[in-house]
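Trainee: Compute the structure for the input listed below.
(2 chains)
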Amino acid sequence: MSLVFLIFLPLIAALFIPLLFKKLGRIHTGWFVLIVPVVLFIYYLTLLPTTLEGGTLVSELSWIPSIDLAIVAYIDGLSLLFSLLISGIGALVVLYSIFYLDKKREQLHNFYVYLLMFMTAMLGVVQSDHMISLYLFWELTSISSFLLIGYWYTRDRSRFGALKSMMITVFGGLMMLGGFVLLSIMGNTYSIRELISQAPELATHEFFVWALVLILLGAFTKSAQFPFYIWLPDAMEAPTPVSAYLHSATMVKAGLYLVARFTPIFAVSGTWIWLVTGVGLFTLFWGSFFALKQKDLKGILAFSTVSQLGLIMSLLGASAMGFHVDNAAETVFKYAGFAAIFHLVNHAVFKGSLFMIAGIVDHETGTRDIRKLGGLMSLMPISFTIAMIGSFSMAGIPLFGGFLSKEMFLTAMLAITEFDLFSMDVWGLLFPVVAWIASVFTFIYSFYFVFHTFAGKHKPEELPKKAHEAPIGMLISPAILAVLVITIFFIPNFVGKWIVNPAVAAIQPFLYDSPSDVHVHVAAWHGSITPELAMTIGIFIIGGLMFWTLRKWQRSYDAFPDKVSLNRLYDNLMYLSDGGANRFSAVYMTGFIRSYLVYMFGFFILIVLSTLVLNEAFAFDLSDLAPIGFYEIVIVLALVGGTITILAAKSRLTAIIALGAVGYSVALFFVIFRAPDLALTQLVIETISVALFLLAFYHLPKSSKKEERIRFKVGNGLIALGVGVTMTLVALSAHSQKILPSISEYYKETVYSEAGGGNIVNVILVDYRGFDTLFEITVLGIAGIGIITMIKLRLTKKEGQHENK
Amino acid sequence: MEIIMSFVIGFLFMAAVYLMLSKSLIRIIIGTGLLSHGAHLLILTMGGLGGTALPVVADGVSVSDYADPLPQALILTAIVISFAVTSFFLVLAYRAYQELGTDNMNLMRGTEDND
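Mentor: Reported below is the predicted structural model:
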């Protein structure tokens, strides 16, 4: 089966969703949708043995060959891991949504079409080898995320959150595109694989750092890193299945994927290591610290996701250090890459279950406000158990998968202190310290999430609904994830071998030739008290104490002013750009027709004259001129005289009559220059026009000649003069140079033999250029319809006359 | 003759633009009328004014003697279309005056609230 086809499978399935929703509305549409991710998941599982050996699969769909654009699906350990996450978590989320979204009240077809669209986009992101198609899929994830956040589009907050996420992630996407373009200029290819193979040459290129920063901007915005994370909490307005899927398990990890994918190219750079590790670690701390300020269950989870993404980001940054260390595959520097991927898997599993539980609590109690919740333990025992498993894994407590990756994270952070390049020897100690503090806060908010919801005093009077356990179907998905959390703890090396190692080998090709070279043994107990274990115990003790006293110091968060927050900055930026654009356009969009005409004529003069000058197009040729006769001079005088009369006329009647005179002069010109058809037409039309003008004159107000200021007149006169001069130059040049022979010769010669007509003008109109005439008639018809409509809109007794014209 | 016509065309365009920039709707419409006259003559002049015979096939006339038929065909189309536009404008002006009570473009200006 073609891998490219599989990427598009969800999108193809989406075509049928509206139909299924309409025709088979009795069955929840989700059941049909569920088939897609399940099929994909099973298929991707069968690819595991290939990547275990370090093998890769490629399938290519040529799109626009002339510009080297293709969709190349490339499967290696890293993309397969993500594909499994996308399809696996996707299947569970769809299953969960079947019970979460009511089939009668919700617009299910919209929801599932967006969701399937997202699935295709996300698979495309992680499998694309071609950078341009990667970018396109990347933006498609932003768009589908926008649609899903705004799914309940009647809510203000939903629309706001949707727009915010879109603005920020699309901004990052554009930056990333810039980085891709620079990379393609440097390497002369769009293929990521080929770029990786020429990584050493790229590093010396002058664009290298630019490409690096731009691509990181894309990754940081998408993966909600500081300071771009602000869109993620607002994205929580999406239905909970979407939050669990897009905004914790998959889409926000696209940035991590990007960083992981490009690590082989950029690992050489100290800027990369500093930016990725530093921003990641700071985000980890920031997110965990502010998670405790949140009152909304999903808000806590959003900040926790931000923080966990930062954790993985910092590990990816640390994994690049392996590039600079001799024999890193055998030293402490081997842990970072492994820990990054391992924690990524763990996070997807436990955070998915936690989001689903938050959704369940919301669904069954009617609120997500943690201040109103409490004591649900006895009412919702299964949910409580699952929530506890997820939270404990997040807090890094033994018996749960998170413990292992968390400890390995501390190992990797401690390893940084031994790194002596890029002035890390000075600042290195900061990394484990920040990591440790952030972990303490992670521990506290994990407990805060689970115990403030399920333990404590039950407050039924504050809940909109009477709380009870969720239906069994809704519990299946989180339960599966919870079981996985525990399973991973007991078989970490199995998971490591099959899923993590192939991905690590893809991120760190400079360390490992194949996945089997990755020798990281995961163990819960190392036989003695290691420094990281000591740190973990410290986290438990300090975290436990602080959680115990949480109510006493949580209020101090209120000291952070809302006015100087990043959100406020975003709001102001939006306000400024929106209002600024309005004010700017208001400067020139005055509403006066005259202003617009002035712009048009001004640009006309500018463009035509500059073209004449730049192309040296002006020509003046006195040969081949028609003779000047007496009648011609008389008509020219009449025409000029008529025009002057129009300009000078005080009365409009005079102007109209003078216009008629000009028109008749033109008709006479046609006579003299041997154009009888034109002359006839012009005479008829001029007559009707004058009659029409007179009718209009009859209806329009008498005094129209306003006193106009002299400046106004001079300005108009200058522009008019400019246009007149320009046109004269154009006419002279047009006459004086014939670059190509005219097609007229062809018409003249063939008019009788080809078209069987004698009057060449008529034959051109109805035969050679018949369509022109057809369109001319169309224009006439449109004008006629317009006139009739304007008059019929409110017919009074006199308009009938216009209609007859 | 073409040189003289070039200046006549320029003059027509100048007058037309000057009229179109004024405030009165009827002067704007007269301006568009003049503009189309100018354009028609421009097309005619571009083709050359030298033909000595009507562009109708006749015995004993060599091909090079015919007046250029192509500009004529173009102008014929243009005349009709400019007529359509002029009459549309006129009715628009008339209706606008009926509805708004003015033919001064400055007073017809849309505002932030009602555009």
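
Trainee: What's the local residue count around residue A:353?
Mentor: 28 (other C-beta atoms under 10 Å in any protein chain shown). Using the backbone N, CA and C atoms, a C-beta is placed for each residue, glycine as well.

Trainee: err, residue A:743, not the other one
Mentor: Neighbour tally, residue A:743, other C-beta under 10 Å: 11.

Trainee: Nearest spatial neighbour of it, chain-adjacent residues omitted?
Mentor: Nearest residue to residue A:743, sequence neighbours excluded (C-beta to C-beta, 6 or more residues apart in numbering or on different chains): residue B:70, at 6.6 Å.

Trainee: Run a quick neighbour tally on that neighbour.
Mentor: Neighbours of residue B:70 (other C-beta under 10 Å): 23.

Trainee: what does the one 5 residues further on give?
Mentor: The burial metric for residue B:75, expressed as a neighbour count using other C-beta under 10 Å, is 27.

Trainee: Test my guess that the residue nearest to residue A:743 contacts residue A:746.
Mentor: No: Residue B:70 is beyond contact range of residue A:746, at 9.7 Å (criterion: C-beta atoms under 8 Å).

Trainee: what ranges do the helices span in chain B?
Mentor: For chain B, the helices defined by DSSP state H occupy B:2-20, B:25-46, B:69-100.

Trainee: Can I get those in CSV including mean pLDDT and distance to residue A:13?
Mentor: Listed next are the helices of chain B as CSV, based on pLDDT from 0 to 100; distance: least, C-beta to C-beta, whole Å:
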stretch, mean pLDDT, distance to residue A:13
helix B:2-20, 92, 58
helix B:25-46, 90, 56
helix B:69-100, 88, 51
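
Trainee: Now render these as CSV, adding distance to residue A:15.
Mentor: Shown next, in CSV, are the helices of chain B (distance: least, C-beta to C-beta, whole Å):
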stretch, distance to residue A:15
helix B:2-20, 52
helix B:25-46, 50
helix B:69-100, 44
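
Trainee: where are the low-confidence patches of chain A?
Mentor: For chain A, the stretches with pLDDT under 70 are A:1, A:424-425, A:562-564, A:701-708, A:794-805.

Trainee: In space, what's closest to residue A:535 - neighbours in sequence excluded?
Mentor: The spatial neighbour of residue A:535 that comes closest, neighbours along the chain excluded (C-beta to C-beta, 6+ apart), is residue A:410 at 5.2 Å.

Trainee: tell me the secondary structure for that neighbour?
Mentor: helix (DSSP: H, G, I helix; E, B strand; the rest coil).

Trainee: so it makes contact with residue A:538?
Mentor: No: Residue A:410 lies out of contact with residue A:538 (C-beta under 8 Å); the separation is 10.3 Å.

Trainee: Residues in contact with both of the two, list them for me.
Mentor: Common contact partners of residue A:410 and residue A:538 (C-beta atoms under 8 Å, 6 or more residues apart in numbering or on different chains): residue A:436.

Trainee: Which one's more surrounded, these two?
Mentor: Ranked by neighbour count (other C-beta under 10 Å), residue A:410 and residue A:538 place residue A:410 first, with 24 against 13.

Trainee: hmm, what's the outermost residue in chain B?
Mentor: residue B:60 (36.0 Å; C-alpha atoms, centre = their mean).

Trainee: what's the spacing between that one and residue A:404?
Mentor: Between residue B:60 and residue A:404 the distance, using C-beta to C-beta, to the nearest Å, works out to 105 Å.

Trainee: And the nearest residue in space to residue A:675 that is not next to it in sequence, how close does it get to residue A:732?
Mentor: Leaving aside its chain neighbours, residue A:675 sits nearest to residue B:72 (4.8 Å; criterion: C-beta to C-beta, 6+ apart). Counting by C-beta to C-beta, the separation of residue B:72 from residue A:732 is 21 Å.

Trainee: Settle it for me: which of those two has more neighbours?
Mentor: The residue with more neighbours, out of residue B:72 and residue A:732, is residue B:72; 30 against 22, by other C-beta under 10 Å.

Trainee: Report the contact partners of the more buried one.
Mentor: Residue B:72 neighbours (C-beta under 8 Å, 6+ apart): A:675, A:677-678, A:761, B:44, B:55.

Trainee: So residue A:674, which state does it fall into?
Mentor: Classified using three-state DSSP, residue A:674 is coil.

Trainee: What about it, how many residues nearby?
Mentor: 22.

Trainee: likewise residue B:80?
Mentor: Residue B:80, neighbours per other C-beta under 10 Å, totals 17.

Trainee: Please tell me how far the residue lying closest to it once chain neighbours are set aside sits from residue A:116.
Mentor: In space, residue B:80 comes closest to residue A:776 once its chain neighbours are excluded; the distance is 5.7 Å by C-beta to C-beta, 6+ apart. For residue A:776, the distance to residue A:116 equals 49 Å [C-beta to C-beta].

Trainee: Now do the contacts for residue A:724.
Mentor: B:10-15, B:17.

Trainee: and if we set it to 7 Å?
Mentor: B:10-11, B:13-14 (C-beta atoms under 7 Å, 6 or more residues apart in numbering or on different chains).

Trainee: filter those by proximity to chain A?
Mentor: Near chain A, taking C-beta under 7 Å from any C-beta of the partner chain as the test, the members of those found are B:10-11, B:13-14.

Trainee: Where neighbours are concerned, which of those has the most?
Mentor: In terms of neighbour count, residue B:13 stands highest of those at 29 neighbours, by other C-beta under 10 Å.

Trainee: mind checking the SS state of the residue of the stretch 301-450 of chain A found nearest chain B?
Mentor: Residue nearest to chain B within the stretch 301-450 of chain A (C-beta to the nearest C-beta): residue A:302, separated by 38.4 Å. Assigned state for residue A:302: helix (three-state reduction, three-state DSSP).

Trainee: Can you tell me the centre-most residue of chain B?
Mentor: residue B:36 (0.7 Å).

Trainee: Determine the number of other residues adjacent to the residue lying closest to that residue once chain neighbours are set aside.
Mentor: Once flanking residues are discounted, residue B:36 sits nearest to residue B:82: 3.7 Å by C-beta to C-beta, 6+ apart. The local packing of residue B:82 (other C-beta under 10 Å) involves 20 other residues.

Trainee: likewise residue A:164?
Mentor: By other C-beta under 10 Å, 23 other residues sit near residue A:164.

Trainee: The one 4 residues further on now?
Mentor: Using other C-beta under 10 Å, the number of residues around residue A:168 comes to 23.

Trainee: And residue A:650, by the same measure?
Mentor: Residue A:650 sits with 8 neighbouring residues when counted by other C-beta under 10 Å.

Trainee: Check the one 5 residues further on too.
Mentor: A total of 25 residues lie near residue A:655 under the criterion other C-beta under 10 Å.

Trainee: Could you identify the helix or strand that succeeds the helix or strand harbouring it?
Mentor: Following DSSP states H and E, one finds residue A:655 within helix A:652-672. Per DSSP H and E, the first helix or strand lying C-terminal to helix A:652-672 is helix A:676-699.

Trainee: quick one: that following helix to chain centroid distance?
Mentor: 56 Å (C-alpha atoms, centre = their mean, to the nearest Å).

Trainee: Which other helices and strands does it contact?
Mentor: helix A:652-672, helix B:69-100 (3 or more C-beta pairs under 7 Å, 6 or more residues apart in numbering or on different chains; DSSP states H and E).

Trainee: Compare these and give me the one nearest residue A:465.
Mentor: With C-beta to C-beta as the measure, helix B:69-100 is the member of these nearest residue A:465 (56.7 Å).

Trainee: What residues of the closest one count as buried?
Mentor: For helix B:69-100, a neighbour-count test (16 or more other C-beta atoms under 10 Å in any protein chain shown) marks B:69-97 as buried.
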